[in-house]
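Asker: Using only what follows, build the 3D model:
(one chain, ligands or ions: 1)
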Amino acid sequence: MSQPDAATEPADAPAPTPFHRLADYAAIPRVGGLALSRDGRLVIAVQTLDPEKKKWVSALWEVDPEGRRPAHRLTRSAPGESSPAWAPDGSLLFTSARPDPEATADKNGEPKPALWALPPGGGEARLVLARTGGVAGFAVAADSGHVAVLASTMPGAADAEADEARRKERKDAGVSAVLHESYPVRFWDHDLGPAVSHVYWLGQVPPEVPAGTAGEPPELRDLTPEAGPPHGAGDEISLSPDGRLLARSEDVPDGPAGRRSRLVLQDTATGETRVLVDDPLADIHGGAFSPDGRSLVCVREAMSTYAEPPDYTLLLVDVESGRASDLTAGFDRWPSAPQFSADGSTVYFLADDDGRHAIFRVDLDGGQPVRLTEDGAYSDLQVARDGSALFALRSGYDSPAVPVRVDPTAERQQPVVLPNPGTIERLPGRLEEVEAVAADGARVQSWLVLPEGASADNPAPLLLWIHGGPLMSWNSWSWRWCPWVLAARGYAVLMPNPALSQGFGQDFVRRGWGEWGGAPYTDLMTAVDAVVERPDIDADRTAAMGGSFGGYMANWVATQTDRFRAIVTHASLWDLDAFTGTTDAAYYWEKEWGDPLREPKRYEQNSPHRFADAIRTPMLVIHGDKDYRVPIGEGLRLWYDLQKRGVPSKFLYFPDENHWVLTPGNTGVWYETVIAFLAEHVLGEEWQRPELV
Ligand SMILES: CC(=O)N[C@@H](C)C(=O)N[C@@H](C)C(=O)N[C@@H](C)C(=O)O
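Answerer: Numbering: from 1, shown residues only. Now for the predicted structure:
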């Protein structure tokens, strides 16, 4: 079954859906980030293409929480606006690299994000705070309106001037080198050091000065003057409602080359710091204050070991004594992003559950968590101050993220979608949930996207898409890996959640722990075996693809079976030993796999490169040079190993992309190349080399 690619049709012919043409796909508005004010105003961040179509730019839109009026745009600037948060007086704070006569530009000429405020009644936004290294984030105290900011600062710089002078000195001397004395040195897509993040106390947002008057730059007090490499003061902060306390996750050494995080509390008036939760066997993340400021709820991640995967629970912590109790004991899911209810008697949180990322509620006086939402994946959870509603972003394979209103008392509900610019009117096919049973009896849940017209008379070619992580699951919309772009070209897309996937219980994770080539692989094959039995699927025309861990698995699939006609592998792990020493956080992986020199077993049994001779399937290798999570060496070595063996293969290389592909142009050629490669090998069409690569 093959459908014409609208890209080859006359440009003025209407495409049936925005997924048929990559240019239309790139132009769909993308909702991300939601903030609720204390008087119930709701704002979302919406990304759209800039006029040159070179990048996506975010703007803030106001959404009607009652769902009666259409959303309207609040901000407009070329660099865009993001990270919205309301102050109690109704002004809207956000970060933006938009120009301002008084804003400090980065001395390399790149404007950096600064803190801005939109007045309560609307009008012109004004600059609140600019730093040479930019404002990386901020927190607002819910009742008092005090503000703390995160800003990267050069070592030893006592104030903004010294920070700027040190940056200039390096620039003038032509120095970009960093001397490290502790591990790690990189994180996902950026280098660590020499500047590290500090937390500054801004206090109340300074009042607006009359037009034409130069206001004094606000005075900042460094709450973390001792912040040092590699991660400085961290990047997760929250303020108590009265602004008197600041909670943050602080990164500390864990063995000679490892890190873990603990929860610290600071008095914002004196800067005095005390460790609130510190557990040598766990990472402590986040920390949301109760409405009365007396408790905090945070996430405890029991660190993994060679024998056991990590496990997560919610801790309720008494601010005064530091006493912590487990709020979700016995709950066989991994809770995250907790928030107190308006009256402080309940905690709402998110957790992967059975191919969904649902909202849950747990009462402080005991009882098991209750799932509030039926389908979809939720994020950006916000609690209305009067307790009447929850607001969040909801996505799924049926919809990209859109703002929704959720009833805090109802169970397994479908939320009310609020008018917004990101709703998709029509998808090019339909979504089904399917399941299969593995040899050991485990249930393997999958999402199956079917193209329009797939039937027994017209069976669709099948694409197995493998998720990353691996401790994640397919449950939410992804612009990066969108099955509907492939469905619009006639493919059915199978997205299984094999062993190691989250949301199916701890035993399901254990089935694959340290044995990536075992149950995770066989579960995927079980899912494919079940789906190719369907009359609307063409069992002879199949391909497999995945990114990151999904890329590892795509490589592993290539070494284990010739059943697929083509394999696409993006940002993939190829040689597990080489990967472990060069990824940004080696200690994370060594917990599961062991030290490669002392405990080589898991590397030997699971590293795809050791089985390279078995590969017969044509492969498309994709990698970004700036990927510090799965370093480029993995892609280069894989490509060389394929070429050396004469395996039909191509290498789509992105010199300036990282673990993700972030620009519209590169995203376009990513999809175009994948589509062309699949068309050649799966559909038997002639190879069409994408023009621009
Ligand atoms: C510290 C760490 O490595 N964490 C993992 C979640 C991770 O980054 N895994 C990658 C190999 C991966 O698969 N990434 C996923 C999240 C992706 O989709 O890029």
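Asker: C-terminal to the helix or strand hosting residue 392, what's the next element?
Answerer: Following DSSP states H and E, one finds residue 392 within strand 390-396. Taking DSSP H and E as the definition, the helix or strand that follows strand 390-396 towards the C-terminus is strand 399-406.
Asker: List the contacts of residue 428.
Answerer: Counting by CB atoms under 8 Å, 6 or more residues apart in numbering, residue 428 makes contact with 16-17, 19-20, 451-452, 484, 487-488. (Each C-beta comes from the backbone N, C-alpha and C, glycine too.)
Asker: With adjacent residues omitted, what lies nearest to it?
Answerer: Nearest residue to residue 428, sequence neighbours excluded (CB to CB, 6 or more residues apart in numbering): residue 488, at 4.1 Å.
Asker: Run through the bridge partners of residue 347.
Answerer: Residue 347 forms beta bridges with residue 340, residue 362, as assigned by DSSP bridges.
Asker: How about the secondary structure of residue 651?
Answerer: Local secondary structure at residue 651 is given as strand here, using DSSP: H, G, I helix; E, B strand; the rest coil.
Asker: Please give me every residue in contact with it.
Answerer: In this structure, residue 651 makes contact with 620-623, 635, 639, judged by CB under 8 Å, 6+ apart.
Asker: Keep only those of those residues that are in strands.
Answerer: Of these, the ones assigned to strands by DSSP state E are 620-623.
Asker: and those near the ligand, which?
Answerer: Contacts with the ligand are made by none of the ones in strands among the contacts of residue 651, judged by CB under 6 Å from any ligand atom.
Asker: ok, of the residues you listed, which come out buried?
Answerer: 620-623 (16 or more other CB atoms under 10 Å).
Asker: Output those residues as JSON lines; include the columns pLDDT.
Answerer: Rendered in JSON lines, the data for these read as follows (pLDDT from 0 to 100):
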{"residue": "620", "pLDDT": "99"}
{"residue": "621", "pLDDT": "99"}
{"residue": "622", "pLDDT": "99"}
{"residue": "623", "pLDDT": "98"}
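Asker: Closest to residue 568 out of the residues you listed?
Answerer: Nearest to residue 568 out of these is residue 620 (CB to CB; 4.6 Å).
Asker: What ranges does the stretch 151-300 of the chain have for its strands?
Answerer: In order along the chain, the stretch 151-300 of the chain carries the following strands (DSSP state E, counting those that start in this stretch): 186-187, 190-191, 196-203, 221-222, 237-239, 245-253, 259-267, 273-277, 282-289, 295-302.
Asker: Please identify which of those is closest to the ligand.
Answerer: In terms of CB to the nearest ligand atom, the element of these nearest to the ligand is strand 186-187, at 9.4 Å.
Asker: circling back: please look at the residue nearest to residue 428 and residue 17 and confirm they touch.
Answerer: Yes: taking contacts as CB atoms under 8 Å, residue 488 lies within contact range of residue 17: 6.4 Å.
Asker: In strands, which of the contacts of residue 428 appear?
Answerer: When DSSP E is applied, the contacts of residue 428 are split such that residue 451 fall in strands.
Asker: Need the pLDDT of residue 12.
Answerer: Among the per-residue scores, residue 12 shows a pLDDT of 71.
Asker: Please apply the same query to residue 101.
Answerer: 53.
Asker: Could you do residue 121 as well?
Answerer: For residue 121, the model assigns a pLDDT of 89.
Asker: That one belongs to a strand, doesn't it?
Answerer: No: counting by three-state DSSP, residue 121 is not part of a strand but coil.
Asker: which strand of this structure spans the most residues?
Answerer: strand 537-547.
Asker: by contact count, what packs against it?
Answerer: Counting contacts by 3 or more CB pairs under 8 Å, 6 or more residues apart in numbering; DSSP states H and E, strand 537-547 is packed against strand 460-466, helix 549-560, strand 566-570, helix 664-681.
Asker: Can you tell me the strand partners of the shortest one and which way each runs?
Answerer: Taking DSSP bridges as the criterion, strand 566-570 sits next to strand 537-547 (parallel), strand 619-624 (parallel) in its sheet.
Asker: Could you measure from the residue most central in space within the chain over to the ligand?
Answerer: The chain has residue 478 as the residue nearest its centroid, 9.8 Å off, counting by CA atoms, centre = their mean. When CB to the nearest ligand atom, to the nearest Å is applied, the distance between residue 478 and the ligand equals 8 Å.
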